[in-house]
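Asker: I would like the atomic coordinates for the input below:
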Amino acid sequence: MATQDTPLGWDRKMQQRLARGEAAALGELYDRFSSLVHGLAHRVLDEQCAADAVTREVFTHVWEHPDTYDPKQGPMRTWIAGLTHRLAVQRLRAAGTAALARGGPGTAEDLERRVRHASVAARADYIVQSMPAPLRSALERAYFQRRDYRQTAVDLGITEDEARRRLRLGLQLLSTAHDTTAPGAPGAPPGYGGAA
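Answerer: Numbers count the residues shown, from 1 in each chain. Got it, this is the predicted structure:
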């Protein structure tokens, strides 16, 4: 039977394997988290090539600096998501600053507004993907399929009270997506602040 410590145990072992230079460990990590990394990067940058580049940067950093992950700070998934967010925001700001320097449209305030919007959207994506499956299923039915809580209850084979509870909890988790202006905000992954 799995213990509650199992995910962090996997994270510690993975970090040790990476520190020993096991290429197979990097492959496993890539298989497990590449879609998360690419999805978050694409959400921030809204560009395939830039998201590909950030994905490479993230896994290069993990390979070259596995010691920067601290299991005491939380799961490796959260650390990788935070790293992805920081690198994607840096790239977005650099591209925006370069465009402004060339006389492109917009202002520095427009750029920061775009960075904040992308950060909130990426954080919301991360929250939904990290949610327990029962909460995620209820939210997907209610908001993407436009089902009310009664229809959601029938679809999932649960009581209406349980459907309302799942929707309420899911929405409470999603409401933290706007807490990206203060790094270390409750529920925010380390380094997941809007200031990056």
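
Asker: Let me know the pLDDT of Leu100.
Answerer: Per-residue confidence for Leu100 comes out at a pLDDT of 63.

Asker: got it, and Ala118?
Answerer: 78.

Asker: Neighbours of it, how many?
Answerer: Other residues near Ala118 number 21, with proximity taken as other Cβ atoms under 10 Å. Where C-beta positions appear, they are placed from N, C-alpha and C, glycine not excepted.

Asker: Now the one residue sitting closest to the centre of the chain: closest residue in space that isn't a chain neighbour?
Answerer: If you average the C-alpha coordinates of the chain and look for the closest C-alpha using Cα atoms, centre = their mean, you land on Tyr126, 3.3 Å from that point. Counting by Cβ to Cβ, 6 or more residues apart in numbering, the nearest residue to Tyr126 once its immediate chain neighbours are dropped is Ala81, at 5.3 Å.

Asker: just checking, the one you found touches Ser35?
Answerer: No: in this structure, Ala81 sits apart from Ser35 without contact. The criterion is Cβ atoms under 8 Å, and the distance is 11.8 Å.

Asker: More neighbours: these two, which one.
Answerer: For Ala81 versus Ser35, the count of surrounding residues by other Cβ under 10 Å is larger for Ala81: 27 against 12.

Asker: Now that one: which helix or strand?
Answerer: Ala81 is part of helix 76-101, with elements assigned from DSSP states H and E.

Asker: what's that helix packed up against?
Answerer: For helix 76-101, the elements it packs on are helix 6-19, helix 23-45, helix 48-64, helix 108-130, judged by 3 or more Cβ pairs under 8 Å, 6 or more residues apart in numbering; DSSP states H and E.
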